[in-house]
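Structure, please.
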Amino acid sequence: MATYNVTANVVAEFNFTQVTLDPDNLDFLQAGDRVNFNSAGGTATFSGFSSSFWTNSSNISGNGYKIVRSGLSSGTTDSITASSGSGSDNMVCKTGVVDSTPNAFGLNNMTNIDPKARVGQGFRVLGINKGVPASVSATSTGDCYFLVNNSPIRRYNNYVVNSGDNITIVVEARHDYEQLSRTVTMTVGTRTETFNVVTRQWPLPEQVINLNISPPSDLYLKKHIANFFGGGFDVYLTDYLRGGGLVPSIEQNAHVPKTPPIEISDLYDTSSALYFIYKPPNKDIGANTLNGGKSLELSWNIVRDYNVGYGELARYLEYRYTFTSESDQLFSGGSASDVSIGSPTNSPGTWAQNNGSVRLYVSAPQNSERFYHGTITMYCRNAIDTSLVISKTVDWMMYFYGS
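This is a model prediction of the structure:
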């Protein structure tokens with residue numbers, strides 16, 4: 001049997017007395033449960049106890065307790081009054097059984113995900129009759145959180161949710177290919193479910209160029225392999241292991257070993273490629289403006305965030321960027337033009353070899369709530385053969401809260 005505590009807080013000032021009950025209602029009482037009634041700050045009288053609800057219906061002066069009678073159907077209620085002097089407050093007691101096990105979430109494994117990508121799936125909480133704690137966690141490192149009712153600026157690992165709430169789980173994939181997995185565990189009330197987020201086996205190169213030499217044609221290390229993949233004058237066969245910096249680790253080269261031994265015949269029918277080795281990630285950032293104005297910056301850097309390959313095709317590269325911006329009118333203030341873009345050349349829209357990063361900026365005053373979002377597109381091309389162009393568009397979000 002459970003025990004509950006109800007306190008009548010009494011505040012007397014001159015000829016006026018205020019009484020406040022805490023809590024102001026009790027749900028899910030069951031037969032045999034004990035409810036302690038206490039006074040604080042003064043003496044309150046508790047009255048209104050029904051003999052059909054409690055084992056004893058007498059009033060309580062100051063402090064005392066009641067026991068819930070057996071045989072009550074779920075949903076039976078009783079109204080209790082606490083009074084002192086000119087002040088009074090009411091509460092409702094109600095029988096019932098707590099249902100803290102929601103319906104099944106319907107979560108599914110997610111496969112062929114780009115490394116570092118943040119992906120999400122959602123469900124609606126149904127089948128409970130009171131607020132219950134919700135939590136999410138994942139194996140390995142990386143972001144893992146959930147949104148409640150699609151609020152973009154409130155992220156939780158632990159939170160109390162109610163029936164009807166919409167939950168969106170967001171998880172960051174592992175940071176490499178070859179079907180690496182993170183297991184995500186979502187718990188709501190007494191129900192726990194898991195799903196896996198699995199990276200794709202191979203990158204998806206945007207520009208692929210084939211060696212076009214197959215057996216039984218002769219294949220030479222310097223004449224063919226080094227000339228095609230690069231590698232300088234002094235080259236060794238082990239320089240052309242898959243993923244070693246010259247031969248890309250893509251599905252077209254699956255037959256090339258990643259570790260010694262390697263034979264020149266392993267390099268028949270191989271391919272070079274220009275591609276984002278890791279896809280540029282979606283990014284977001286927020287700041288609290290309660291104590292002062294804030295400035296935010298989002299940046300993408302080819303070395304830190306995504307890298308471009310591969311081999312000779314990636315030796316001379318140029319970059320440029322475009323972006324879109326929107327201001328969500330559900331938040332006060334701000335316009336899309338508040339967001340500005342910058343790069344090392346200060347000309348992000350112009351092709352340049354030293355344009356290898358890009359930044360977005362926005363500021364907001366104290367006590368403001370603003371929400372900006374849009375896309376940014378990274379373009380990359382070979383500076384010698386400018387027809388070899390690849391691009392990737394990602395989402396960004398910057399927000400301020402605290403008013």
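
ok, and the closest non-adjacent residue to residue 222?
residue 235 (6.5 Å; Cβ to Cβ, 6 or more residues apart in numbering). The C-beta positions use only the backbone N, C-alpha and C, and glycine is treated the same way.

Does that neighbour touch residue 223 like I think?
No - Residue 235 sits out of contact with residue 223 when judged by Cβ atoms under 8 Å, with a separation of 11.2 Å.

So which of these two has more stuff around it?
residue 235 (16 against 10; other Cβ atoms under 10 Å).

which SS class is residue 194?
Of the three states, residue 194 takes strand according to DSSP: H, G, I helix; E, B strand; the rest coil.

Not counting its neighbours along the chain, what's nearest it?
Spatial nearest neighbour of residue 194, chain neighbours left out: residue 185 (5.0 Å); criterion: Cβ to Cβ, 6+ apart.

Same question for residue 126.
residue 103 (4.6 Å).

Which pLDDT value belongs to the one you found?
At residue 103, the pLDDT value in this model is 97.

swap in the one 10 residues further on?
With respect to pLDDT, residue 113 has a value of 95.

Same check on residue 288?
Per-residue confidence (pLDDT) for residue 288: 92.

Where does the closest residue in space to residue 5 that isn't next to it in sequence sit, in terms of helix or strand?
Nearest-residue entry for residue 5: residue 36, 4.8 Å, with adjacent residues in sequence omitted and distances by Cβ to Cβ, 6+ apart. Secondary structure here is read from DSSP states H and E; on that basis residue 36 sits in strand 34-40.

quick check, distance from that strand to the centre of its chain.
Here the centre of mass of C-alpha atoms in strand 34-40, compared against the chain's by Cα atoms, centre = their mean, to the nearest Å, lies 43 Å away.

which other helices and strands contact it?
Where contact means 3 or more Cβ pairs under 8 Å, 6 or more residues apart in numbering; DSSP states H and E, strand 34-40 is packed against strand 3-13, strand 64-67, strand 77-84.

who's in contact with it?
With Cβ atoms under 8 Å, 6 or more residues apart in numbering as the test, strand 34-40 has contacts from 1-10, 26, 29, 46, 60, 62-68, 80, 82, 84, 93.

Can you give the strand pairings for it, parallel or anti for each?
Partner strands and pairing direction for strand 34-40 (DSSP bridges) are strand 3-13 (parallel), strand 64-67 (antiparallel).

still on that earlier bit, so in terms of bridging, what pairs with the residue nearest to residue 5?
Partner residues in beta bridges with residue 36, using DSSP bridges, are residue 5, residue 65.

quick one, what contacts the spatially most central residue of the chain?
In the chain, the residue lying closest to the centroid (Cα atoms, centre = their mean) is residue 170, at 3.2 Å. When the contact criterion is Cβ under 8 Å, 6+ apart, the partners of residue 170 are 118-120, 143-147, 155.

Out of the helices and strands packed on strand 34-40, which gets nearest to residue 374?
Taking Cβ to Cβ as the criterion, strand 3-13 is the member of those that comes nearest to residue 374, at 50.8 Å.

What are the buried residues along the closest one?
Buried residues in strand 3-13, defined by neighbour count with 16 or more other Cβ atoms under 10 Å: 4, 6-10.

mind listing the strands for the stretch 151-300 of the chain?
158-161, 166-172, 181-188, 191-199, 207-210, 271-276, 283-288, 294-301 (DSSP state E, counting those that start in this stretch).

Could you pull out the helices in this protein for me?
Here the chain has its helices, by DSSP state H, at 227-229.

hmm, back to that, out of the strands paired with strand 34-40, which comes closest to residue 210?
Proximity to residue 210 (Cβ to Cβ) singles out strand 3-13 among the strands paired with strand 34-40, at 74.7 Å.

circling back: can you list the helices and strands packed on strand 34-40 in a markdown table and add distance to residue 283?
Rendered in a markdown table, the data for the helices and strands packed on strand 34-40 read as follows (distance: least, Cβ to Cβ, whole Å):
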| stretch | distance to residue 283 |
| --- | --- |
| strand 3-13 | 47 |
| strand 64-67 | 57 |
| strand 77-84 | 52 |
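
So for residue 113, which of those strands sits nearest?
When the helices and strands packed on strand 34-40 are ranked by proximity to residue 113 (Cβ to Cβ), strand 3-13 comes first, at 47.3 Å.

outside of that closest one, which residues touch it?
For strand 3-13, the external contacting residues (Cβ under 8 Å, 6+ apart) are 17-23, 26, 29, 33-44, 46, 80, 82, 84-85, 87, 89, 91.
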